[in-house]
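sequence first, then the predicted structure, then my questions.
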Amino acid sequence: MEKLLLLGDEAIAQAAIDGGLSGIYAYPGTPSTEITEYIQRSKLAKTLEIHSQWSANEKTAMESALGMSYAGKRAMVAMKHVGLNVAADAFINSAITGVNGGLIIVVADDPSMHSSQNEQDSRFFGDFAMIPIYEPANQQEAYDMVYNGFELSEKYQIPILLRITTRLAHSRASVELKTIKKQNENSLPSDIKQFILLPAIARNSYKKLLAKQDSFETESTSSKYNEYIEGKDKSKGIIAAGITFNYLNENYKETKVPYPVLKIGQYPLSVLLIKRIYDECEEIIVLEDGYPFIEQKLKSLLGDKKIKGRLDGTLPRDGELDPNNVATALGLEAKIEDIVPEILRDRPPALCSGCGHTDVFNALNEVMSDYGRGRVFSDIGCYTLAALPPLNSINSCVDMGASITMAKGATDAGLRPAIAFIGDSTFTHSGMTGLLDCVIEKTPITIIISDNSTTGMTGGQDSHAFNRLIDICKGLGVEDKHIRIFNPLRKNHKQAIEIIREEIQYKGVSVIIPQRECIRTLERRIKLKKRKTAK
Amino acid sequence: MKSDIILSGVGGQGILSIAATIGTAALIGNLHIKQSEVHGMSQRGGNVISHMRVSDKEIASDLIPKGQANLIVSVEPMEALRYLSFMEKDAWLITNSKPFMNIPDYPDIQDVLSEIKKIKNHIIIDADTIAKKLKSIRSSNIVMLGAASPYIDIPFENFKEALRQIFGRKGEEVVNKNIIALEKGREFALKK
């Protein structure tokens, strides 16, 4: 079969296409973005008419995928870990409704917070929803799990969670492809009430979900992704989940791991397999990226001293695992300290030179110097970088959409003026409902929607707000004369300051929309245009 | 054989084009590859790193363990100093000499270069000037790859073939420019 060099994200996308996918639904989020982008760019996916347009947010994505599954087709949702918080309502309930067409939810966790605000571990969410979880060790496994995962999902009428982490998502390796499966035909659920979660029905559905748990565990016990590897030295037994299996093997390149190893790639945990390694070995070291999910279950409340891992300091409590900290945990090498020449300086990410956000912040900083620090509530996007020098403009960044609502709460508490700063794509993701709250209460608030007409931070994906932003604000009830638009260029600095000053004076809802295309997408557009005219 | 290579630079400098060329060259030689990339936040003018692993045997970890890299290739001199703990004892450090100054406290470039010279096996190359002389400033990264090529266990011909595969679409002229850039970089390194 054909072999391709693919990122983990791309392997997942290719497997979905090959596995009979009819639609992927997603909102961009590092490190998951490339899954959807790969399908958007795939000629094969286009020929097969696979849906791949971006959704407004992870919740609408999750629900659309569930709807596709209702109609009998195979669907996938992809998001970063914090996106699952947004989609959680639909996600948890999808376990109770179950599925019709196969449904796989891919969640990319980001331990060490390379591009995120926390390092939450999505396995807890899968466990909470009581559904099977896959955790691939490499790109090929990621491919195989998705390719065959739709069948597992359909067999038990249950959504499947595929949990990956940054290192797998953004690492390339060779992947062998399998033959393409046909998409499902449309079909209604055999029980037409399956998706109605009225209490009387939901109680029954929940019992069905509970009844499936034993089968899920049986599947885990026989899964090829959970492998018990013999070892002569029983002084230790090693449980290695997902990619940590590679870090373990990296430390025994020339030889075999001397200890028994239980490689974990599918959950719920097989008690049979765990019990075997536990009974055979004197102590157990648990290697897992993210939270100590397995370790906590094994250790339980009273703290079994035989279980070692992140909780007892054998491994660091936070941050990613890597070949070195695994080696230290196994007693193979001392901790290698970083060599940092004194001359070395930090080089934090920064707004691009020529970025429109910078011009907005320059104006805002000048206005806010009249009022003092601590009044600008911001959001998730490139503009969050204004928290750093030289701009030092913003005072909060919590979750998608929180700028408007936190500024509202602060205004309610008497902090005036309070400013919200949000991007166009984040606004349509989760800012609109907060704006409606403000309109209903006529909150004296100034909201800046810095519109670069794209989802910039993740690489310039289409924004739902494009060409609609003003109409949305009007539609939600913001008064025409308090929707102020300007072009954030240096030459318009004075105008920007005037507008911001005026709207801060207004004792109701103001929306200021600085509008200038992201210079990165602009560059890309010009390049494409040149290429086209050259042809 | 194995070559464990740390590629470093600043977001936007295109270290991934070097990674892609090494990857393609390795595939031509039927070698195993694992290559981890940086996406997202740090792309915007922050420091970036890519782990590139090539081997004739199966590769376990996507990440190179500290103390085991054979080679650091940096397209920016200060960034060459950020990952020294990854180097094995006899590793080589190959860096571009042209600083990318997007921070207010960038140190004196002479101090940076003398710090690099403390590394036993190092090559400092002015890849930008070499590329400019070839009237192909965008080939600066390929000059860097050329300078690194003697220290990567892949036949040189495979690198050229990789460039033909990658740039073939853009026509003969672009392919040749890049091959010359590769050769110039290699020449520089071998003269050292």
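Thanks, I have the structure now.

now B:N47. Nearest residue, chain neighbours left out?
A:R347 (4.5 Å; C-beta to C-beta, 6 or more residues apart in numbering or on different chains). C-beta: built from backbone N, CA, C; applies to glycine.

thought A:S55 was touching A:A26?
Yes: counting by C-beta atoms under 8 Å, A:A26 is a contact partner of A:S55 at 6.3 Å.

now the residue of chain B most remote from its centre: closest residue in space that isn't a chain neighbour?
In terms of distance from the mean C-alpha position of chain B, B:P104 ranks first, at 25.7 Å (C-alpha atoms, centre = their mean). Excluding its sequence neighbours, the residue lying closest to B:P104 (C-beta to C-beta, 6+ apart) is A:P390, at 7.5 Å.

that neighbour belongs to a helix, doesn't it?
No: assignment of A:P390 by DSSP: H, G, I helix; E, B strand; the rest coil gives coil, placing it outside any helix.

list phi and psi for the residue farthest from the centre of chain B.
phi -70, psi -30 (degrees, to the nearest 10).

is A:I449 in contact with A:I513, as I believe?
Yes: A:I449 is in contact with A:I513 according to C-beta under 8 Å; the separation is 5.1 Å.

follow-up on the earlier one: can you give me the neighbour number for the residue nearest to B:N47?
Look at A:R347: counted by other C-beta atoms under 10 Å in any protein chain shown, it has 22 neighbours.

same check on A:S403?
For A:S403, the neighbour count with other C-beta under 10 Å is 34.

in a helix, A:N100, correct?
No: judged by three-state DSSP, A:N100 forms no part of a helix; its state is coil.

just checking, it touches A:G72?
Yes: here A:N100 reaches A:G72: they are 5.3 Å apart, a contact under C-beta under 8 Å.

show me which of the two is the more surrounded one.
A:N100 (27 against 19).

which residues does that one contact?
A:69-72, A:157, A:187-189, A:194 (C-beta atoms under 8 Å, 6 or more residues apart in numbering or on different chains).

go again with 6 Å.
A:69-70, A:72, A:189 (C-beta atoms under 6 Å, 6 or more residues apart in numbering or on different chains).

cool, and A:Q40?
A:S52.

report the distance from the stretch of helix or strand it belongs to to the chain centre.
In the assignment (DSSP states H and E), A:Q40 maps to helix A:33-41. Centroid separation for helix A:33-41 versus its chain: 14 Å, with C-alpha atoms, centre = their mean, to the nearest Å.

also stretch A:61-77?
Worked out by C-alpha atoms, centre = their mean, stretch A:61-77 lies 18 Å from the chain centre.

A:I449 and A:I513: which is more packed in?
A:I449 (29 against 21).

quick check: neighbours of the one helix or strand that one maps to in the sheet, parallel or antiparallel?
Following DSSP H and E, one finds A:I449 within strand A:445-450. In the sheet, strand A:445-450 lines up against strand A:419-423 (parallel), strand A:509-514 (parallel) (DSSP bridges).

picking that back up, only the buried residues of the helix holding A:Q40, if you could.
A:33-40 (16 or more other C-beta atoms under 10 Å in any protein chain shown).

tell me which two of the residues you listed sit farthest apart.
A:T33 and A:I39 (11.5 Å; C-beta to C-beta).

quick one: contacts of the strand or helix carrying A:M76?
Using DSSP H and E, A:M76 falls within strand A:74-80. With C-beta under 6 Å, 6+ apart as the test, strand A:74-80 has contacts from A:16, A:20-26, A:29, A:32, A:35-36, A:58, A:61-62, A:65, A:68-69, A:101-108, A:150, A:184.

any idea how far B:S36 lies from B:I72?
Between B:S36 and B:I72 the distance, using C-beta to C-beta, to the nearest Å, works out to 15 Å.

also B:G185?
In terms of C-beta to C-beta, B:G185 sits 16 Å off from B:I72.

select the longest helix from the chain.
Using chain A. With secondary structure taken from DSSP state H, chain A has its longest helix at helix A:199-222.

let's do chain B instead
From DSSP H, the single longest helix across chain B is helix B:172-191.

please state the offset of it from the chain centre?
The answer for helix B:172-191 is 14 Å, by C-alpha atoms, centre = their mean.

near chain A at all, that helix?
No: between helix B:172-191 and chain A, judged by C-beta under 6 Å from any C-beta of the partner chain, nothing touches; the nearest distance is 12.9 Å.

for that helix, buried residues please.
B:174-175, B:177-186, B:188-189.

the residue nearest to B:P104: neighbour count?
12.

toward the C-terminus from the worst-scoring helix or strand of chain B on mean pLDDT, list the very next helix or strand.
Of all helical and strand segments in chain B, the minimum by mean pLDDT, DSSP states H and E falls on helix B:15-28, at a mean of 93. Using DSSP H and E, the helix or strand that follows helix B:15-28 in sequence is strand B:32-36.

and the next helix or strand past that following strand?
Next element after strand B:32-36 (DSSP H and E): strand B:47-55.

and that next one, what does it pack against?
strand B:2-10, helix B:15-28, strand B:32-36 (3 or more C-beta pairs under 6 Å, 6 or more residues apart in numbering or on different chains; DSSP states H and E).

restricting to C-alpha, output it in CSV.
What follows is strand B:47-55 as a C-alpha-only set of coordinates in CSV (Å, rounded to 0.1, in the frame of the first residue of the first chain):
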residue,chain,number,x,y,z
ASN,B,47,12.3,31.0,19.0
VAL,B,48,11.5,27.8,17.2
ILE,B,49,12.9,24.3,17.2
SER,B,50,12.4,21.2,15.2
HIS,B,51,13.7,17.7,16.0
MET,B,52,14.8,15.8,12.9
ARG,B,53,15.7,12.2,13.3
VAL,B,54,17.0,10.0,10.5
SER,B,55,18.1,6.4,11.0
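
around chain B, which positions in the stretch 51-200 of chain A sit nearby?
Near chain B, when you scan the stretch 51-200 of chain A using C-beta under 6 Å from any C-beta, you find A:115, A:167, A:170-173.

tell me the two of these that are most distant?
Farthest apart among those - using C-beta to C-beta - are A:S115 and A:A173, which lie 21.3 Å from each other.

more neighbours: these two, which one.
Using other C-beta under 10 Å, the more surrounded residue of A:S115 and A:A173 is A:A173, with 23 against 20.

apart from its chain neighbours, what residue comes closest to that one?
In space, A:A173 is closest to A:Q139, 4.4 Å off (C-beta to C-beta, 6+ apart).

buried sites along stretch A:236-255?
Result for stretch A:236-255 [16+ other C-beta under 10 Å]: buried residues A:236-253.

give me the mean pLDDT for stretch A:154-170.
Per-residue pLDDT over stretch A:154-170 has a mean of 97.

that stretch spans what distance, first to last residue?
29 Å (C-alpha to C-alpha, to the nearest Å).

now that stretch, how far from the centre of its chain.
12 Å.

what does stretch A:467-486 give?
For stretch A:467-486, the distance to the chain centre is 30 Å (C-alpha atoms, centre = their mean).

what does that stretch contact?
A:424, A:435-436, A:439, A:451, A:492, A:495-496, A:499, A:506, A:509-515.

restrict it to CA atoms and write it as CSV.
In CSV, the C-alpha atoms belonging to stretch A:467-486 read as follows (Å, rounded to 0.1, in the frame of the first residue of the first chain):
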residue,chain,number,x,y,z
ASN,A,467,-18.5,40.7,6.1
ARG,A,468,-21.0,40.1,8.8
LEU,A,469,-19.6,41.7,11.9
ILE,A,470,-21.5,44.9,11.7
ASP,A,471,-24.8,43.3,10.9
ILE,A,472,-24.3,40.9,13.8
CYS,A,473,-23.7,43.7,16.2
LYS,A,474,-26.7,45.6,14.9
GLY,A,475,-28.8,42.5,14.9
LEU,A,476,-27.9,41.9,18.6
GLY,A,477,-29.2,45.4,19.3
VAL,A,478,-26.2,47.7,19.4
GLU,A,479,-27.3,51.2,18.4
ASP,A,480,-26.0,52.2,14.9
LYS,A,481,-24.3,55.3,16.1
HIS,A,482,-22.3,53.4,18.7
ILE,A,483,-20.9,51.0,16.2
ARG,A,484,-17.7,52.8,15.2
ILE,A,485,-15.5,51.6,12.4
PHE,A,486,-12.0,52.8,11.4
